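**Student:** Here you go, sequence then predicted model.
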Amino acid sequence: MIKDVIKTIDEIAIKDPNRIVYDYLGETNTYGDLKKRSDAYAAKLKKMSIPEKAPVMIWGGQNFEMIASFLGAVKAGHAYIPIASYSNSERLTMIQEVSQAPLVIAVDELPIEMKNIEVLNASEVEDGDFNIAEDNYVSGDDNFYIIFTSGTTGKPKGVQISHNNLLSFVNWELEDFNLPEHPSFLAQAPYSFDLSVMSLYPALTSGGKLVVLPHDVTQNLGQLFKTMPNLDFNVWVSTPSFAEMSFLDPTFNGEHHKNLTHFLFCGEELSHKTAQVLKNKFPDSHIYNTYGPTETTVAVTSVEIDNDILNKYDRLPIGVAKKDTKVTIDTSKGEDKDNKQGEVLIQGPSVSKGYLNNPEKTEAAFFKNPNDQYSTYRTGDLGFLDGDMLFYRGRIDFQVKFNGYRIELEEINFYLAKNPLVRYGVVAPRYNKDHKVQQLVAVVELAEDVREKYSDAELTKKLREDLSRDIMPYMLPQRFIYRENMPISQNGKVDIKQVIKEVNNA
């Protein structure tokens, strides 16, 4: 069991500096490189006039410099906020506004000139022989990283993850998943997506390796299928959707990936069909279904999907809670006649302290009873327990998971409603037979006289362009439907549940 994330990584670097830690499409770096570069970042940050424990934003992709800057920030006593460089510039400024971060580290070139914040370019961080005092390292309940997720008011929420939160998660993954010694992890998820942590810190604290599949490669099927067969790793981490996309590659099987022994899935529901196809393609592998919101540090439940599980359940369970965590069901939030189904509540040492600079949202989602050692998070997920096995059955609100990304539909609706072309606008999830979101559909009642000025194609293009300035690319609706009148509820608002029902019954 590890007791300190950064110290453990440094100990590996000192003991075995030439061990490969990072493989970016054949370009490799060692643990020695990682310690040297992260120490350089820490030394640079310590010389700057940054308030103690203030978070720093880090803008970039998935190259080695990113993880070196993460560790450097933490060594200097600062939590880091990862922001993917494919994000739009508005998200960068919104996160700056919410986080009040005094500094942004530009690993990649920034898309705009930043105001009221200091900018540190990666090229300004010079290597040297630095001695960073361990007393400076982030520890205990201090924030280690902050992941920003979709928010209902148009502004993203910053989930604070402490060093203790991260320790609870990493120790669980290293102890309970029967991973290979010094595992090589597929690092496919962008670092702004907390699924990336399922690869990142278990690899670094076990003397393992990160084998990177960059975002631009995964967005091009031809490039993906050309690249994937050349990657050598033994632990696959992704959403089920990414695995399903990989099924199109004829070389994605145990014969061509002989060292691939483990699959770890999180971020969205794993369907029975997907698990069965995977089991057929990799009959000797271990397939784990895991579950957990960002607010509870990546994942808190797991189950190995073997043939017994596949034979027993049509809709797969999402697992048993890790031993330091308690999962309960608040049946007052459910609509189940047997009173078993309700809102999933999670209590344990990996539960976040709440949202950065957002006490109202924190109070609504987290609570701690007087006799409790740890806080409890209200997930908003519907589920039930069969013994100690947890099953997922959807959401109690208007949040969805789409391709693994958590999306507040109300955030998209917020910006859609602001558009002068729109009178009423609602985004509805369209589900497939496996209960997964297949498509985001925008249903729009246009403002007066708009219909006479534009065709449907012109409207869709304009609305998508306008939305793309305010929301992430993965949040953009794939389809727009224009109707004369929206269903209005008794309180004078659009009846969103009715719209969702109509979209899924069409």
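**Tutor:** Now that the structure is in, tell me what you want to look at.

**Student:** pLDDT weak spots in the stretch 401-506 of the chain?
**Tutor:** Low-confidence segments of the stretch 401-506 of the chain, defined by pLDDT under 70, are located at 489-493.

**Student:** in it, which spans are helices?
**Tutor:** For the stretch 401-506 of the chain, the helices defined by DSSP state H, counting those that start in this stretch cover 409-418, 456-468, 496-505.

**Student:** Just the buried residues of stretch 117-135, please?
**Tutor:** Residues I117, L120, A122, V125, F130, I132 are the ones in stretch 117-135 that count as buried (16 or more other CB atoms under 10 Å). Every residue, glycine included, has its C-beta placed from N, CA and C.

**Student:** now these in JSON lines, with secondary structure?
**Tutor:** Shown next, in JSON lines, are these (DSSP: H, G, I helix; E, B strand; the rest coil):
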{"residue": "I117", "secondary structure": "coil"}
{"residue": "L120", "secondary structure": "strand"}
{"residue": "A122", "secondary structure": "helix"}
{"residue": "V125", "secondary structure": "coil"}
{"residue": "F130", "secondary structure": "coil"}
{"residue": "I132", "secondary structure": "coil"}
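
**Student:** Can I get these in TSV including distance to L103 and pLDDT?
**Tutor:** As requested, the buried residues of stretch 117-135 are exported to TSV (distance: CB to CB, whole Å; pLDDT from 0 to 100):
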residue	distance to L103	pLDDT
I117	7	96
L120	6	98
A122	13	98
V125	12	98
F130	19	94
I132	18	93
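
**Student:** hmm, back to that, which one of the helices of the stretch 401-506 of the chain is the most hemmed in?
**Tutor:** helix 409-418 (a mean of 21; mean count of other CB atoms under 10 Å).

**Student:** ok, residues contacting that one?
**Tutor:** The contact list for helix 409-418 (CB atoms under 8 Å, 6 or more residues apart in numbering) reads 150-154, 398-400, 422, 424-429, 440, 442, 444, 463, 466-467, 470-471, 475, 477, 496.

**Student:** these two touch, right, Y24 and M66?
**Tutor:** No - using CB atoms under 8 Å as the test, Y24 is too far from M66 to be in contact (10.1 Å).

**Student:** So for these two, which residue has more residues nearby?
**Tutor:** Between Y24 and M66, counting by other CB atoms under 10 Å, M66 is the more crowded of the two (27 against 18).

**Student:** As a quick check, tell me the outermost residue of the protein.
**Tutor:** Distance to the chain centre peaks in the chain at E452, reaching 42.0 Å (criterion: CA atoms, centre = their mean).

**Student:** following the lengthiest helix in the chain, which helix or strand comes up?
**Tutor:** The single longest helix within the chain, with elements called by DSSP state H, is helix 31-47. As assigned by DSSP states H and E, the chain's next helix or strand after helix 31-47 is strand 56-60.

**Student:** ok, residues contacting whatever helix or strand comes next after that next one?
**Tutor:** Downstream of strand 56-60, the first helix or strand assigned by DSSP H and E is helix 64-75. Outside of helix 64-75, the residues within contact range by CB under 8 Å, 6+ apart are 5-6, 9, 22, 24, 27, 29, 33-34, 37-42, 44-45, 56, 58, 60, 79-80, 82, 105, 107, 122, 125, 132, 136-138, 144-145, 191, 200, 204, 210.

**Student:** List only those of these flagged as buried.
**Tutor:** By 16+ other CB under 10 Å, the contacts of helix 64-75 give 5-6, 9, 22, 24, 29, 33-34, 37-42, 44-45, 56, 58, 60, 79-80, 82, 105, 107, 122, 125, 132, 136-138, 144-145, 191, 200, 204, 210 as buried.

**Student:** so T362 sits right up against G354, yeah?
**Tutor:** Yes - with contact defined as CB under 8 Å, T362 counts as touching G354 (3.2 Å).

**Student:** those strands in the stretch 51-200 of the chain, which residues are they?
**Tutor:** 56-60, 80-84, 103-106, 118-121, 143-149, 157-162, 184-187 (DSSP state E, counting those that start in this stretch).

**Student:** that older thread, what packs against the longest helix of the chain?
**Tutor:** Under the contact criterion of 3 or more CB pairs under 8 Å, 6 or more residues apart in numbering; DSSP states H and E, helix 31-47 touches helix 5-15, strand 20-24, helix 64-75.

**Student:** okay, the angle between it and strand 20-24?
**Tutor:** If you take axes from the mean of the first three to the mean of the last three CA atoms, to 10 degrees, helix 31-47 sits at 90 degrees to strand 20-24.

**Student:** what's helix 31-47 in contact with?
**Tutor:** Where contact means CB under 8 Å, 6+ apart, the residues beyond helix 31-47 that reach it are 9-10, 12-14, 16-19, 21-22, 56, 64-65, 67-73, 75-76, 78, 103, 105, 120, 124-128, 130, 132, 136, 204, 207.

**Student:** Dump it to CSV, keeping only the CA atoms.
**Tutor:** Provided in CSV are the C-alpha atoms of helix 31-47 (Å, rounded to 0.1, in the frame of the first residue of the first chain):
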residue,chain,number,x,y,z
TYR,A,31,11.3,7.9,-14.7
GLY,A,32,14.6,9.8,-14.4
ASP,A,33,13.3,12.2,-17.1
LEU,A,34,10.1,12.6,-15.2
LYS,A,35,11.7,13.4,-11.9
LYS,A,36,14.2,15.9,-13.5
ARG,A,37,11.5,17.7,-15.5
SER,A,38,8.9,17.8,-12.7
ASP,A,39,11.6,19.1,-10.3
ALA,A,40,12.3,21.9,-12.8
TYR,A,41,8.6,22.9,-12.8
ALA,A,42,8.5,22.8,-9.0
ALA,A,43,11.6,25.0,-8.7
LYS,A,44,10.2,27.4,-11.2
LEU,A,45,6.9,27.7,-9.5
LYS,A,46,8.5,28.2,-6.1
LYS,A,47,10.3,31.2,-7.4
